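Visitor: please work out how this folds:
(chains A, B and C)
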Amino acid sequence: MALLELKGVTKIYQQGKIEVPALRGIDLTVEAGEFTTIFGPSGSGKTTLLNLIGCLDKPTAGTLLFNGRELSQVDKKGLARIRRENIGFIFQSYNLIPVLTAYENVEFAIRLLNKHDKKELKDRVMEILAAVGLEGLENRKPNELSGGQKQRVAIARALVKEPKLILADEPTANLDSKTSEEVLEIMVKMNQELGTTFVFSTHDPRVMEYAARLVEIRDGLISLDRRRDGTGVSH
Amino acid sequence: MGGFLTRNRLRGAAWLLGLLCLAGLFLSPRAAAMTAEEIIQRRDSNEYVQTVIVEAEMVILNNNRKLTKAMTSYADGDNALTIFTNPRDRGTKFLKRGDELWMFFPDAEELVKISGHMLNQGMMGSDFSYQDIMESDKLTDLYEFQLVGEEELDGRQCYVLEGTAIPGEEVSYHRRKAWIDRERFVGLKEELYARSGRLLKVMTTTKVEQFEDRWYPVEAVMEDKLRKNTRTEFIVKSIEFNPVIPTETFTLENLR
Amino acid sequence: MFLTKLALKNLIRYRTRTLAVGLIIAFAVFFYILFDALMAGMNEMSYEGIIDYETGHLQIVNSSYWQEEKKLPLDDLIPLDLLRRIKLEEVQGYRGSSAELAFQARLNNGINELPVVGRGVVPEDLLSVFSLADKFVEGEMFSSGEQRVVMGKRLADLMDVGVGDYVILLVRDKNNTFNTIEAEISGLVHTINHNVNNFLVYMPLDVAQEALAVDDVVSKVVVRLDHKEQAPQAAGVLESKLQRLDGDLAVYKWDDTDALSFSSYAATENQIILGIILLIAAIAIINTVILAALERMREIGTMKAMGLDVREIVYLFVIESTGIGVLGGCIGLVMGAVGVWYLVRFGVDFSAMAQLDMTSFGVPVLGKTHGVWNPNAFITVFAFGVAVSFLSSILPGYWAAAKDPIQAIQHR
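Guide: Purely as a prediction, here's the structure:
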């Protein structure tokens, strides 16, 4: 069973009296463990697509299955639960909680799950922070960290709950080339070691180099879908 | 029959007796002295009327202020209704029923019972207190009167009487001194005293008129002796003795 | 709880705003407490005004007389020899007693007349029960048997008379017969009691009894105790003693009279002020929550993305707001405590501030008004303040939490 299955997914936004179609019929299947990049010019609909995949929104038409579950039936509270347990987000502007330290920001994500006891929690957080190369910096607040470090915290936060899917919306957009590379390396590492599915949106060509699968969106439709190993995906 | 008592003689004696009696009738008022009580009673029988309708004016003088009020009063025994008719007070009404006194204010459409210390206040600002007007018991029941002499007052010969309150009776004025016209038996002046001996009020009759067989005071002045420069004049404009007054006149509903 | 910790950290982070709103609430609390203390102080003064000049702590009267007291009848009076058979001094807390004969009179200065209430009293007793001794602004107290009177300076001014002048009191005695009392004014007083200042004329009891043609009787006996709190018990003891002599006698406490309208007036005012204060607090809180939500839009979006549901986000805001309420409340309580301490110790002189005599308005305030400690007020306003902070943050909290996460995240 694929992790994500989108069939004929359409999303239309109401802006006053005008209807804006952001997605006009997307068919996409993502298998568990894939490292996929969605690229395209701004306004092409990639953010919308990510939002739908991330269960932050529901399609106007079409079906979206997450782990085999039809999302159109799920209510807001249900969607929140799915996000909490299965999806990690990484944002372009990091979106860390300013009053919390790096440790606490990461801890936040699994505290919500109420699954682990205190000691387990601590171990897991420290482990993940080390994995993204942030040991020693766990007590710093976001305003005391560099862009790259902040993104690493975001990654750690996304990863710490061992989600099925990590969605990253232009994660390297605010980073310099060196840091971007470092961050991407970590993500690849996590993908390979933990088998977490990564779906990015980007228009950074460097990111596209790392991706095992490229999906291009133009004007709300997929125009390209190619795997690195050459295998194409028909649409 | 013969003898002393002839029919003619008897008839003559009867005439003589009759003449003597007539003479006696004419003579006795001068010859026999009247008691104080009789004098008061004569005056009361003149001034006291069971039923009467009076149209009167009341002029209140207080320092330099002068207020004139006009009223029409209906009285029947213990009940009396007074309606004010001058423009300023038009519609104000007073109703006395036995022991109770009620007042109606047309502006506020309010009916007020006057009792307690309110009775001591001057009616409509005059020197006649409500209490003065309320008192209707016969004076001879309340006071012990004595004839203290005779005086001339404004050209009229008057009996001067002094009345002292009978102990235990509820009276306003401990002592009253009255000047009563010898001929007409109408009161010409009255002085009202407190128990301490202080003169409280003086009522002077300034005009009397004859109605059929009685003399009635039609103009009087009341002075409050405790306050300088105040007096109230009471002037009767018209008076109807013993009219027929319907009993509904003296009801609270009629006041409104 | 974790979210609670986060909420508190947020409060510390946005220190300025927390403090600003907290201070608004603090001042609101502070003013309420001060107002309450002053109102209570004025209440006390009005009680004193009544106790010290009219009712004492207890009044011994014939119960039929009490019903008709407004008319000041000369019936159902108490014979003094009956009272002498009771040892009033034995009542706990007894300080003194004053027998008085009350009657209606018209005060006449030869030109005008005013209705007044006369009180025939024994001078030494009057001064031992009521606080008149130091209230003489002119002249002095009379002695028994003298044809002299004492009245309020206000009344005297109204009648255009002064100490040494003669006045006439027109009265009706027991038989309703008019009598006059001619007396010299021996002294004039000015007190916080409106009635004393404007309507009462004091004279020796024997003179009054003679003028009213009554025997050695009085309308009532006023008793003073050490504290007003002793009144209920003393009343009970005294009444049972009296009823053994005459079943119609009764003892009424100082608060059995109608003269307490001022305190109910004050209670309503208190509630209105509380309402206004809570409104201010609510507005401040709602404002803060909305501002905070707008500022932390991205955070809210992120948290939603991470899976926080609406209730949890609302919880964050509510805890923050309640925290501000508690903080503000505490600061307000401290400020209030200091303020009340000052008011209790030093008082505030309204007359000096406003440059007028408050007694002319019938308000029993003369000299300084002191505050009164009222722990209830502290608790009430704090509880209400926190409750309002809590409640008024719920709706704006929901408003903040309901924001679309996507738009929220992208909010710049």
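
Visitor: dump stretch B:109-124 to PDB, restricted to CA.
Guide: The C-alpha trace of stretch B:109-124 is given here as PDB (Å, rounded to 0.1, in the frame of the first residue of the first chain):
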ATOM      1  CA  GLU B 109     -54.000  65.200  41.100                       C
ATOM      2  CA  GLU B 110     -53.100  64.300  44.600                       C
ATOM      3  CA  LEU B 111     -55.400  63.700  47.500                       C
ATOM      4  CA  VAL B 112     -53.800  64.400  50.900                       C
ATOM      5  CA  LYS B 113     -55.100  63.800  54.300                       C
ATOM      6  CA  ILE B 114     -54.100  66.500  56.700                       C
ATOM      7  CA  SER B 115     -53.500  65.300  60.200                       C
ATOM      8  CA  GLY B 116     -51.100  65.700  63.100                       C
ATOM      9  CA  HIS B 117     -48.900  68.700  63.200                       C
ATOM     10  CA  MET B 118     -50.000  69.700  59.700                       C
ATOM     11  CA  LEU B 119     -53.200  70.900  61.200                       C
ATOM     12  CA  ASN B 120     -51.400  73.600  63.000                       C
ATOM     13  CA  GLN B 121     -50.300  75.200  59.800                       C
ATOM     14  CA  GLY B 122     -52.100  78.100  58.300                       C
ATOM     15  CA  MET B 123     -54.500  77.200  55.600                       C
ATOM     16  CA  MET B 124     -53.200  78.200  52.200                       C
END
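
Visitor: show me what contacts the residue sitting nearest the centre point of chain A?
Guide: Centroid-nearest residue in chain A: A:Leu167, 0.7 Å away (criterion: CA atoms, centre = their mean). Neighbouring residues of A:Leu167 by CB atoms under 8 Å, 6 or more residues apart in numbering or on different chains: A:Leu50, A:Ile53, A:Gly54, A:Ile87, A:Gly88, A:Phe89, A:Ile90, A:Val199, A:Phe200. C-beta coordinates here come from the backbone N, C-alpha and C atoms, glycine included.

Visitor: is the fourth one bridged to anything, and to what?
Guide: With DSSP bridges as the criterion, the beta-bridge partners of A:Ile87 are A:Leu165.

Visitor: show me the contacts for it.
Guide: A:Gly54, A:Cys55, A:Pro163, A:Lys164, A:Leu165, A:Ile166, A:Leu167, C:Gly307.

Visitor: one more time with 7 Å, if that's ok
Guide: A:Ile87 makes contact with A:Gly54, A:Cys55, A:Pro163, A:Leu165, A:Leu167, according to CB atoms under 7 Å, 6 or more residues apart in numbering or on different chains.

Visitor: tell me which of those is nearest to chain C?
Guide: A:Gly54 (7.0 Å; CB to the nearest CB).

Visitor: count the neighbours of that closest one for me.
Guide: 23 (other CB atoms under 10 Å in any protein chain shown).

Visitor: the host helix or strand of C:Leu169 packs against which elements?
Guide: Secondary structure from DSSP states H and E places C:Leu169 in strand C:166-172. Applying 3 or more CB pairs under 7 Å, 6 or more residues apart in numbering or on different chains; DSSP states H and E, one finds that strand C:166-172 makes contact with strand C:94-108, strand C:178-189.

Visitor: the first one pairs with which strands?
Guide: Same thing as strand C:94-108. Strand pairing for strand C:94-108, determined by DSSP bridges: strand C:113-121 (antiparallel), strand C:166-172 (antiparallel), strand C:220-225 (antiparallel).

Visitor: contacts for the first one next, please.
Guide: Which is strand C:113-121. B:117, B:227, C:72, C:98, C:100-107, C:158-159, C:169, C:171, C:199-205, C:207-209.

Visitor: same check on the second one?
Guide: With contacts defined as CB under 7 Å, 6+ apart, strand C:166-172 is touched by B:226, C:103, C:105-109, C:118, C:161, C:178-185, C:201, C:211-212.

Visitor: could you report the pLDDT at B:Arg9?
Guide: pLDDT for B:Arg9: 60.

Visitor: how about the one 10 residues further on?
Guide: Per-residue pLDDT puts B:Leu19 at 55.

Visitor: same deal with B:Asp137?
Guide: The model's pLDDT for B:Asp137 equals 64.

Visitor: burial measure for residue 154, as a count.
Guide: Since no chain was named, I'll use chain A. So A:Ala154, with other CB under 10 Å, has 28 neighbours.

Visitor: not what I meant, chain C
Guide: 20.

Visitor: residues of chain B that sit close to chain C?
Guide: B:116-117, B:120, B:165, B:169-174, B:194-196, B:198, B:200, B:226-228 (CB under 7 Å from any CB of the partner chain).

Visitor: just the buried residues from those residues, in PyMOL please.
Guide: Those of the residues of chain B next to chain C that count as buried under 16 or more other CB atoms under 10 Å in any protein chain shown are selected in PyMOL with:
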select buried, chain B and resi 117+120+165+171+172+173+174+194+195+196+198+200+226+227
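
Visitor: what residues sit buried inside the longest helix anywhere in chain A?
Guide: Taking DSSP state H as the criterion, chain A has its longest helix at helix A:177-194. By neighbour count on 16+ other CB under 10 Å, the buried set for helix A:177-194 is A:Thr179, A:Ser180, A:Glu181, A:Glu182, A:Val183, A:Leu184, A:Ile186, A:Met187, A:Met190, A:Asn191.

Visitor: so which of the residues you listed also contact chain B?
Guide: Applying CB under 7 Å from any CB to the buried residues of helix A:177-194, none is adjacent to chain B.

Visitor: just the buried ones from the contacts of strand C:113-121, in ChimeraX syntax?
Guide: In ChimeraX, a selection of the buried entries from these looks like this (16+ other CB under 10 Å):
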select /B:117,227 /C:72,98,100,101,102,103,104,105,106,107,159,169,171,199,200,201,202,203,204,205,207,208,209
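
Visitor: re the thing from before, now the buried members of the contacts of strand C:166-172.
Guide: By 16+ other CB under 10 Å, the contacts of strand C:166-172 give B:226, C:103, C:105-109, C:118, C:161, C:178-181, C:183, C:185, C:201, C:211-212 as buried.

Visitor: got the residues of the stretch 251-400 of chain C near chain A?
Guide: C:Arg298, C:Glu299, C:Thr302, C:Ala305, C:Met306, C:Gly307, C:Leu308, C:Asp309.

Visitor: which SSE is the residue lying closest to C:Gly301 once chain neighbours are set aside in?
Guide: Excluding the flanking residues, the one nearest C:Gly301 by CB to CB, 6 or more residues apart in numbering or on different chains is C:Ala408, at 2.8 Å. In this assignment (DSSP H and E), C:Ala408 forms part of helix C:405-410.

Visitor: what does the helix or strand bottoming out on mean pLDDT in chain A contact?
Guide: Least confident helix or strand, chain A: helix A:205-210 with a mean of 78, by mean pLDDT, DSSP states H and E. By CB under 7 Å, 6+ apart, the surrounding residues in contact with helix A:205-210 are A:Thr37, A:Phe39, A:Thr172, A:Ser180, A:Leu184, A:Val188, A:Phe200, A:Thr202, A:Leu214.

Visitor: again with stretch A:213-223
Guide: By CB under 7 Å, 6+ apart, the list of residues contacting stretch A:213-223 reads A:21-26, A:28, A:34-40, A:44-46, A:49, A:208, A:224-228, A:235.

Visitor: what's the mean pLDDT across it?
Guide: For stretch A:213-223, mean pLDDT is 86.

Visitor: can you check stretch A:111-131 too?
Guide: Mean predicted lDDT for stretch A:111-131 stands at 81.

Visitor: since that was my last question, I'll sign off now.
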